[in-house]
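> Just to be clear, the model below is a prediction. Sequence and coordinates:
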Amino acid sequence: MAIPPKVSERLSVVLKRFQPILSSARARDVNESDTVTIVTDLLAELYGYDKYTEITKEYAIRGTYCDLAIELDGRPPVVD
């Protein structure tokens with residue numbers, strides 16, 4: 001399946017903007033909390049998720065937690 005040109009351009013622009021952020025984070029060996037912030041911003045910019053209503057941190061799954069989950073209609077779309 002081909003990626004539409006408009007989507008491809010958006011992906012390219014966002015990824016280029018995040019490259020220096022990711023390089024700097026790696027060089028500084030940032031902690032997990034900072035990494036989660038960067039990934040949350042990337043998901044919001046790249047895929048259009050609302051980071052305040054659709055992305056949640058520390059989602060409880062079967063007595064343990066995952067660091068990030070994307071929620072649609074109040075639940076993650078895939079729960080194993």
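Right, received. Where do you want to start? Residues are numbered from 1 along each chain as shown.
> Can you tell me who I61 pairs with across the strands?
T64 (DSSP bridges).
> What's the local residue count around it?
Residues contacting I61 under the criterion other CB atoms under 10 Å number 11. In short, each C-beta sits where N, CA and C put it, glycine included.
> Distance-wise, check it relative to E45.
Counting by CB to CB, to the nearest Å, the separation of I61 from E45 is 26 Å.
> tell me which residues of stretch 3-21 are tucked away?
By neighbour count with 16 or more other CB atoms under 10 Å, stretch 3-21 contains the buried residues 10, 14, 18.
> Show me how far that stretch is from its chain's centre.
14 Å (CA atoms, centre = their mean, to the nearest Å).
> Quick check: nearest residue in space to D50, chain neighbours excluded?
Leaving aside its sequence neighbours, D50 sits nearest to A44 (CB to CB, 6 or more residues apart in numbering; 7.0 Å).
> Thought T53 was touching the one you found, still the case?
No. A44 is beyond contact range of T53, at 10.7 Å (criterion: CB atoms under 8 Å).
> So the two - more neighbours on which side?
A44 (16 against 9).
> and the residue positioned nearest the centre of the chain, what pLDDT?
Nearest residue to the geometric centre of the chain (CA atoms, centre = their mean): L43, 3.1 Å. What the model reports for L43 is a pLDDT of 91.
> Could I get the buried residue list for the helix or strand hosting it?
Per DSSP states H and E, L43 falls inside helix 32-47. Buried residues in helix 32-47, counted by 16+ other CB under 10 Å: 36, 40, 42-45.
> Likewise for stretch 47-63?
49, 54-56, 59.
> Same question for stretch 63-78.
Those would be 69, 76, for stretch 63-78 by 16+ other CB under 10 Å.
> In PDB, could you pull the C-alpha coordinates for it?
The C-alpha trace of stretch 63-78 is given here as PDB (Å, rounded to 0.1, in the frame of the first residue of the first chain):
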ATOM      1  CA  GLY A  63      -1.500  -6.300  37.600                       C
ATOM      2  CA  THR A  64       1.400  -4.500  35.900                       C
ATOM      3  CA  TYR A  65       1.800  -1.300  34.000                       C
ATOM      4  CA  CYS A  66       2.900  -0.300  30.500                       C
ATOM      5  CA  ASP A  67       4.700   3.000  30.100                       C
ATOM      6  CA  LEU A  68       2.500   4.500  27.400                       C
ATOM      7  CA  ALA A  69      -0.900   3.500  25.900                       C
ATOM      8  CA  ILE A  70      -3.000   5.100  23.200                       C
ATOM      9  CA  GLU A  71      -6.600   5.200  24.300                       C
ATOM     10  CA  LEU A  72      -9.500   5.300  21.900                       C
ATOM     11  CA  ASP A  73     -13.000   5.600  23.400                       C
ATOM     12  CA  GLY A  74     -11.400   5.300  26.900                       C
ATOM     13  CA  ARG A  75      -9.500   2.000  26.300                       C
ATOM     14  CA  PRO A  76      -6.400   0.900  24.500                       C
ATOM     15  CA  PRO A  77      -7.400  -0.500  21.100                       C
ATOM     16  CA  VAL A  78      -5.400  -3.700  21.600                       C
END
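> Nice, that's everything, thank you.
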